[in-house]
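# the following comprises the amino acid sequence and a computationally predicted model.
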Amino acid sequence: MYLKFILCLCLSDTLGLQSAMDQGPLYRLYNDLLEHYKPYIRPRRNPNETVEVVVSYSMASVEVLEETTQTVASSAVIRFEWKDDLLTWNCSDYGGIQFINIPVKRLWFPDVSLTNGIDDISLILPNGDQARVNNDGWIQWYHGMNRRTKCPIDMSTFPFDTQLCNITLFQWISDIMQVNMTAVGVHIQSSLFQRNGEWEIIDKLMETIVHKYPNGFVQTEMVFTFVFRRKYLFYIITNILPVMLLSVLNLGVFLLPPESGEKVSLCISIVLSYAVFLSVIGGSLPEVSDTVSIFSIYLLTMMFVKVATTLWTVLVLNAYHKDSEEKYSPQDPNDQHSHTLSNSLDKKTLQKGNKELANNLNKIGFVVIFFLTVSVSIVCFVLLFTL
């Protein structure tokens, strides 16, 4: 009886082995590699050895960089590469197979978190990803990521500004003696990259930072930095050129004759136009910022210039229309005709003097406002291009 039972077991094992062999070398390879594999154990036969993980970051697209919320939404591909001592095989034993693809969740993978996400600190998990496993144990895992991250905005040189935005990956729970992560590359994924209409990437940097804690715990932080430059042609057309044209129009106030009665209304219209530009540009700036836009200061300064122009125009009109209360008293009070003629001549003389005073004030105002407009504009744009 026992002999029959043992014979059945041997026969079943033989049939199972034969069935596995009938599946082909690829089936046998997967079965041999993963049958006793534990994904929660570091892939080292010697537990004192460190797992060296190299990380590279490839930007695929930049959807939006929002100044008001100081965030950037981007898509990227992160490549992790490490060696697994427990996933090696001899190619000749498995039909010459040199590499296979295995779901990452079936493997050990490094514990990495994105620390500057807009929502919270989140672990980077496979989510259905597959890794390429080579016969020498080297594993390559490509992880696609679409996240919103924090990006402090410096708006001082708006709209000719450049912004530095970081992607920060941090070792989550393992120690550097167990897993040592190193940033080895930062790229622009040329085959997948989609250009942004407002920003362009002009430079990229990477850095690996080692953090040492009082209890002897050591972890690594990988920082991938992208330098964004704003495409300023749109802002030149919609903001800068209209402001410059309004400045030229403001000087035209002094060329308008006082008799027209439109000098003050033109001044008020220009002031209101500047107020509109201030509100429009204010909507493009962050709600909370440690820096102030030089261009906004320029607009505010020019608004003060327009207000000064309005006040000066009122002064000119006041001088022009000023009425004289002086009366001329002739020597002979009985000579009524002589009295009226002299009074009329005196009034014309005073009106001529008022007009000359108004014209002189008008010329002085034109020179002063022209000097202020040119000086403020030169200082503003020199600062914008030199900071």
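Perfect, I can see it now. Numbering: from 1, shown residues only.

# CA atoms for contacts and neighbours, from now on please.
Noted.

# quick one: low-confidence parts of the chain?
Of all residues in the chain, those with pLDDT under 70 make up the ranges 1-22, 283-289, 323-353.

# let me see the domain layout of it.
21-231, 234-386 (automatic domain parsing).

# deepest in the core, which of the ones you listed is it.
Of all the domains of the chain, domain 21-231 carries the top mean neighbour count, a mean of 17, counting by mean count of other C-alpha atoms under 10 Å.

# quick one, strands of the stretch 201-350 of the chain?
Shown for the stretch 201-350 of the chain, the strands assigned by DSSP state E, counting those that start in this stretch span residues 218-230.

# mind listing the helices for it?
Ranges of helices in the stretch 201-350 of the chain, per DSSP state H, counting those that start in this stretch, are 233-235, 241-251, 263-282, 294-320, 336-386.

# redo the ones you listed as JSON lines? Include distance to Ser156.
Formatted as JSON lines, the helices of the stretch 201-350 of the chain follow (distance: least, C-alpha to C-alpha, whole Å):
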{"stretch": "helix 233-235", "distance to Ser156": "15"}
{"stretch": "helix 241-251", "distance to Ser156": "18"}
{"stretch": "helix 263-282", "distance to Ser156": "13"}
{"stretch": "helix 294-320", "distance to Ser156": "5"}
{"stretch": "helix 336-386", "distance to Ser156": "8"}
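
# among those helices, which comes closest to Val53?
Checking the helices of the stretch 201-350 of the chain against Val53 by C-alpha to C-alpha gives helix 336-386 as the closest, at 41.6 Å.

# not counting its neighbours along the chain, what's nearest Met222?
Spatial nearest neighbour of Met222, excluding adjacent residues (C-alpha to C-alpha, 6 or more residues apart in numbering): Thr208 at 4.6 Å.

# wait, Tyr298
Spatial nearest neighbour of Tyr298, chain neighbours left out: Cys380 (6.3 Å); criterion: C-alpha to C-alpha, 6+ apart.

# tell me the spacing between that neighbour and Val374.
Remark: distance between Cys380 and Val374 (C-alpha to C-alpha, to the nearest Å) = 10 Å.

# beta partners of the most centrally placed residue in the chain?
When C-alpha atoms, centre = their mean is applied to the chain, the residue found nearest the centroid is Leu65 (4.4 Å). Beta bridges link Leu65 to Val72, judged by DSSP bridges.

# and it, how close does it get to Val104?
32 Å.

# what of Ser58?
Ser58 sits at a distance of 20 Å from Val104 (criterion: C-alpha to C-alpha).

# who's in contact with the residue nearest to Met222?
By C-alpha atoms under 8 Å, 6 or more residues apart in numbering, the residues touching Thr208 are 182-183, 220-223.

# can we see that at 6 Å?
By C-alpha atoms under 6 Å, 6 or more residues apart in numbering, the contact set of Thr208 is 183, 221-222.

# equivalent analysis for Asn31, please.
Asn31 neighbours (C-alpha under 6 Å, 6+ apart): none.

# pull the CA atoms of the host helix or strand of it into CSV?
Following DSSP states H and E, one finds Asn31 within helix 25-34. What follows is helix 25-34, C-alpha atoms only, in CSV (Å, rounded to 0.1, in the frame of the first residue of the first chain):
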residue,chain,number,x,y,z
PRO,A,25,12.4,27.6,-21.2
LEU,A,26,10.7,31.0,-20.5
TYR,A,27,8.1,29.3,-18.2
ARG,A,28,10.8,27.4,-16.4
LEU,A,29,12.9,30.6,-15.9
TYR,A,30,10.0,32.5,-14.3
ASN,A,31,9.1,29.5,-12.2
ASP,A,32,12.7,29.0,-11.0
LEU,A,33,13.3,32.7,-10.3
LEU,A,34,10.1,33.6,-8.5
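
# that older thread, nearest to Pro159, of the helices of the stretch 201-350 of the chain?
Pro159 lies closest to helix 233-235 among these, at 6.6 Å (C-alpha to C-alpha).

# elements contacting that closest one?
On a contact count with 3 or more C-alpha pairs under 6 Å, 6 or more residues apart in numbering; DSSP states H and E, helix 233-235 meets no helix or strand.

# how far off centre is that helix?
Chain-centre distance of helix 233-235: 16 Å, with C-alpha atoms, centre = their mean, to the nearest Å.

# likewise stretch 256-268?
Distance of stretch 256-268 from the chain centroid (C-alpha atoms, centre = their mean) equals 44 Å.

# which of the helices of the stretch 201-350 of the chain sits closest to Asn146?
Among the helices of the stretch 201-350 of the chain, helix 233-235 comes nearest to Asn146, with 27.7 Å by C-alpha to C-alpha.

# who's in contact with that closest one?
Under C-alpha under 6 Å, 6+ apart, the answer for helix 233-235 is an empty list.

# and Ala73, how close does it get to Ala60?
As judged by C-alpha to C-alpha, Ala73 and Ala60 stand 11 Å apart.
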